[in-house]
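Asks: when you get a sec, could you give me coordinates for this:
(one chain, ligands or ions: 1)
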Amino acid sequence: MDNMIAMMSKVDDILATVGNTDAVSLPKIVAIGSQSSGKSSVLENIVGREFLPRKTGLCTRRPLKVELIRTVDGETHSEWAVFHHKPGEIFVDWEEVKKEIEDETERECGSNKAVSRKPISLKFYSPNVLSLTIVDLPGVTRVPVGDQPLDIEKQLTDMIMHYIEKPNTLILAVTPANTDFATSDAINLARVVDPEGHRTLAVITKLDLMDGGTDAMDILCGRVFSVSLGIIGVVCRSQADLNSKKPLEKALQKERAFFQRSYPSLASRSGTFYLRKRLATLLSSHIRDCLPDIAMKINVLRRQFQHQLSSCGKEVKDPVATILDLLTKFACNYKAAIDGSGNLVLQELSGGARINYIFHETFGRTLQNVQPLDGLSRLEVLTAIKNSTGPRTAVFVPDSSFEQLVKKQIARLEEPSIRCVELVHEELERIIQHCITKEYLRFPNLIQKIKEVVSAKITGRMEPTKKFIEDLIANELAYINTKHPDFSDARQQACSNLLGIQTNGDSSEVAHHKQLARIENGGSGSVSEAGSSSSLPPAITDGKGDFAPQMINKREKMCPKVPKINRENS
Ligand SMILES: Nc1nc2c(ncn2[C@@H]2O[C@H](COP(=O)(O)OP(=O)(O)OP(=O)(O)O)[C@@H](O)[C@H]2O)c(=O)[nH]1
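Replies: A predicted model of the protein is given here:
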């Protein structure tokens, strides 16, 4: 029996080493229940040692897998413990075991009540135990405290389900006797995955705390609810016993006396001693039943791993040289992918060619499509002109309003430029994947690390590059050289276009005046032709009621895409 349990423990270790614990469901006992129902107390009673952190409120915050391994007398240490996360260290002091469980819990979950799914594994070697594997899970709680997330109840229930839904798990459903059984979390959760109760053993704790005049006879005899593996009552140490450091042996004696006194007819199949024996028998017969199925699954796994192993190639004699070689190759592949000298992908553009496409096609086309006057309504232009002249009436387009409008348009270049950076970044990330060739596949951790490091480097350049673009645009916005002759003409023409100046043979400034006057009159009123034209300075027009021909040519050159406004509609 001991051999079988020890063998299962070894298989579990091997599966944990290859990171495949879910591939084969190994028989184990899992203790579940609501918070403070007494799961850890029961586990301590079974082990016969005080090694668990104990206090009221949430105490178990990570699954704790305890493997009890029966040793023969005469070993160097009669009893010792080893943690899976500290393989070389042997613990012989139970206070240190307790402290290590607390420390390891805090390392993973922090100090403020948060919980984690990651189990702590402990092997306990002793000639005084029956070989067993028990997992103690955090208790179900409903109200989040400390760093616990709002959905703590769901997270805990999911964690419990993850363990107990496996068909080879025996469920130790711990329920305190001083609560209502109809609301027992342990029994209700167990029923979800094991409705017939074939793999559920109920343990009733805190029988000593039941109200005077009541007893748990009906419950212990299975008249309230029934589970086929049995219902066993236990009495563990109370908080007062823990505070006064009452030895476990004394507590076990007291427990035996309690059952002989209060439940004499059930005394022989109640209490910790009976529970230990029952669990060991159940587990070993359960292992026997599951063995053929487990052996078959392990054989399938073995074949899979052998196949994987043979695809790995030659043995690595010098790991450091191999890693250096792979890193150098990766760097060369990456450079080649950008230079264009790497493996050619025929189906799609990639690497440097794709970056070129992003710059010249995607980004280039976007810039070409940015029309200088897009998003500037005529009303906006006229309002800007009027706002910049204050109480005075505008005759010429003032520089300040022109600058204000131009700046708004230049700022529009920022968004497509940033998008271009993002596209290039995406491509640089894609190159990483392309550079990981077949020969890397046998080193999944190395691949993971390369991806992390290179991706972090590339992503680290994103912010400085975006900042560079923002600075470039800011530089352009800082000073608009309106004195530049081309720019100056373009300004005139762009504004003329917006104002719909080429109307009815009016000179540009006449039309400009009319527009401003229309705005002043609510947008549609008519303006006295004679009155307005008579106040215009004569030098602006060419005498034919329009801009001089060379000015129009300039406009065509500077703003070729500005659509002409229909004279009739303007
Ligand atoms: N009087 C009495 N107290 C008990 C009994 N079993 C547990 N307790 C007390 O109940 C409290 C909670 O016990 P734990 O064993 O820590 O409960 P738990 O279910 O492991 O708690 P969490 O893991 O935090 O959910 C402790 O103060 C125990 O001393 C019992 O049979 N009788």
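
Asks: could you report the neighbour count for the closest residue to the ligand within the chain?
Replies: Per CB to the nearest ligand atom, G139 is where the chain lies closest to the ligand, at 2.5 Å. C-beta coordinates here come from the backbone N, C-alpha and C atoms, glycine included. Neighbours of G139 under the rule other CB atoms under 10 Å: 26.

Asks: what ranges do the helices span in the stretch 251-400 of the chain?
Replies: Using DSSP state H, counting those that start in this stretch, the helices found in the stretch 251-400 of the chain span residues 271-311, 319-339, 351-357, 364-368, 378-389, 399-411.

Asks: any chance of those in TSV with mean pLDDT and distance to the ligand as columns?
Replies: Below are the helices of the stretch 251-400 of the chain laid out as TSV (pLDDT from 0 to 100; distance: least, CB to the nearest ligand atom, whole Å):
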stretch	mean pLDDT	distance to the ligand
helix 271-311	86	10
helix 319-339	92	43
helix 351-357	91	55
helix 364-368	90	59
helix 378-389	81	67
helix 399-411	82	59
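
Asks: distance to E50 and mean neighbour count added to these, as a markdown table?
Replies: Below are the helices of the stretch 251-400 of the chain laid out as a markdown table (distance: least, CB to CB, whole Å; neighbours: other CB atoms under 10 Å):
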| stretch | distance to E50 | mean neighbour count |
| --- | --- | --- |
| helix 271-311 | 14 | 15 |
| helix 319-339 | 44 | 14 |
| helix 351-357 | 63 | 18 |
| helix 364-368 | 71 | 12 |
| helix 378-389 | 80 | 17 |
| helix 399-411 | 70 | 17 |
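
Asks: excluding chain neighbours, what is closest to the residue of the chain closest to the ligand?
Replies: Counting by CB to CB, 6 or more residues apart in numbering, G139 lies nearest to Q35, which is 3.4 Å off, once chain neighbours are set aside.

Asks: the one you found touches V140, doesn't it?
Replies: Yes: at 6.4 Å, Q35 counts as touching V140 under the criterion of CB atoms under 8 Å.

Asks: and V174, helix, strand or coil?
Replies: Put simply, V174 is strand when judged by DSSP: H, G, I helix; E, B strand; the rest coil.

Asks: meant to ask about A81
Replies: Look at A81: counting by three-state DSSP, its state is strand.

Asks: what about it, how many neighbours?
Replies: 24.

Asks: contacts only, for it.
Replies: Contact analysis of A81 by CB atoms under 8 Å, 6 or more residues apart in numbering lists F51, I90, F91, V92, W94, V97, L122, K123, F124, Y125.

Asks: pick the one among those residues closest to N178.
Replies: F51 (26.0 Å; CB to CB).

Asks: surely that closest one is within a helix?
Replies: No: under three-state DSSP, F51 falls outside any helix and is assigned coil.

Asks: walk me through the domains of this structure.
Replies: Listed by automatic domain parsing, the domain ranges of the chain are 27-275, 321-478, 485-558.

Asks: looking at those domains, which is buried most?
Replies: domain 27-275 (a mean of 18; mean count of other CB atoms under 10 Å).

Asks: what about that one, how long is it end to end?
Replies: 18 Å (CA to CA, to the nearest Å).

Asks: which element is V11 on?
Replies: Using DSSP states H and E, V11 sits in helix 2-17.

Asks: tell me what that helix is packed against?
Replies: For helix 2-17, the packing partners by 3 or more CB pairs under 8 Å, 6 or more residues apart in numbering; DSSP states H and E come out as strand 64-70, strand 132-136, helix 271-311.

Asks: would you turn the ones you listed into TSV with distance to G233?
Replies: Below are the helices and strands packed on helix 2-17 laid out as TSV (distance: least, CB to CB, whole Å):
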stretch	distance to G233
strand 64-70	22
strand 132-136	18
helix 271-311	7
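
Asks: distance check, L156 against T281.
Replies: 30 Å (CB to CB, to the nearest Å).

Asks: ok, which stretches of the protein are strands?
Replies: 28-32, 64-70, 80-83, 120-126, 132-136, 169-176, 200-205, 231-233 (DSSP state E).

Asks: nearest to E348, of those?
Replies: Of these, nearest to E348 by CB to CB is strand 120-126, at 47.7 Å.

Asks: interface residues of the stretch 151-300 of the chain facing the ligand?
Replies: When proximity is defined as CB under 6 Å from any ligand atom, the stretch 151-300 of the chain approaches the ligand at T205, K206, D208, L209, V235, C236, R237, S238, Q239, L242.

Asks: give the contact list for the nearest residue to the fourth one once chain neighbours are set aside.
Replies: It stands for L209. In space, and not counting its chain neighbours, L209 is closest to N178: 4.6 Å by CB to CB, 6+ apart. By CB under 8 Å, 6+ apart, the residues touching N178 are K206, L209, M210, D211.

Asks: name the nearest of these relative to L373.
Replies: Closest approach between those and L373, by CB to CB: K206, at 81.4 Å.

Asks: so what's the closest one up against?
Replies: By CB under 8 Å, 6+ apart, K206 lies in contact with G38, P176, A177, N178, V235, C236.

Asks: go again with 10 Å.
Replies: For K206, the contacting residues are 36-38, 41, 174-179, 216, 233-236, 238, by CB atoms under 10 Å, 6 or more residues apart in numbering.

Asks: from the residues you listed, which land in helices?
Replies: In helices, defined here by DSSP state H, the members of the contacts of K206 are S41.

Asks: give me the nearest residue to I323, chain neighbours excluded.
Replies: Spatially, and ignoring its direct neighbours in sequence, I323 is nearest to L446 (6.6 Å; CB to CB, 6+ apart).

Asks: for the closest residue to L150 other than its chain neighbours, list the residues it contacts.
Replies: Setting aside the residues directly before and after it, L150 is nearest to P144 in space (CB to CB, 6+ apart), at 5.7 Å. When contacts are counted by CB under 10 Å, 6+ apart, P144 touches K113, A114, L150, D151, I152, E153, Q155.

Asks: same thing with S126?
Replies: With CB under 10 Å, 6+ apart, S126 has these contacts: 47-49, 68-71, 75, 77-81.

Asks: try L283
Replies: Residues in contact with L283, defined by CB under 10 Å, 6+ apart, are 1, 4-5, 8, 27-29, 130-134, 170.

Asks: confidence-wise, which helix or strand of the chain is lowest on average?
Replies: The helix or strand of the chain with the poorest confidence is helix 529-534; it has a mean of 36 (mean pLDDT, DSSP states H and E).

Asks: related to what we said a few turns ago, mind picking the lowest-pLDDT entry from the contacts of P144?
Replies: pLDDT across the contacts of P144 is lowest for K113, at 69.

Asks: for the nearest residue to Y263 once chain neighbours are set aside, give me the backbone phi and psi.
Replies: Closest residue to Y263 apart from its sequence neighbours, by CB to CB, 6+ apart: S270 at 6.1 Å. Dihedral angles of S270 (phi, psi; degrees, to the nearest 10) stand at phi -130, psi 170.

Asks: try K317
Replies: Note on K317: its backbone torsions stand at phi -80, psi -40 [degrees, to the nearest 10].

Asks: on that earlier part again, in CSV, list the contacts of A81 along with distance to the ligand.
Replies: Below are the contacts of A81 laid out as CSV (distance: CB to the nearest ligand atom, whole Å):
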residue, distance to the ligand
F51, 13
I90, 26
F91, 21
V92, 24
W94, 16
V97, 16
L122, 15
K123, 20
F124, 17
Y125, 23
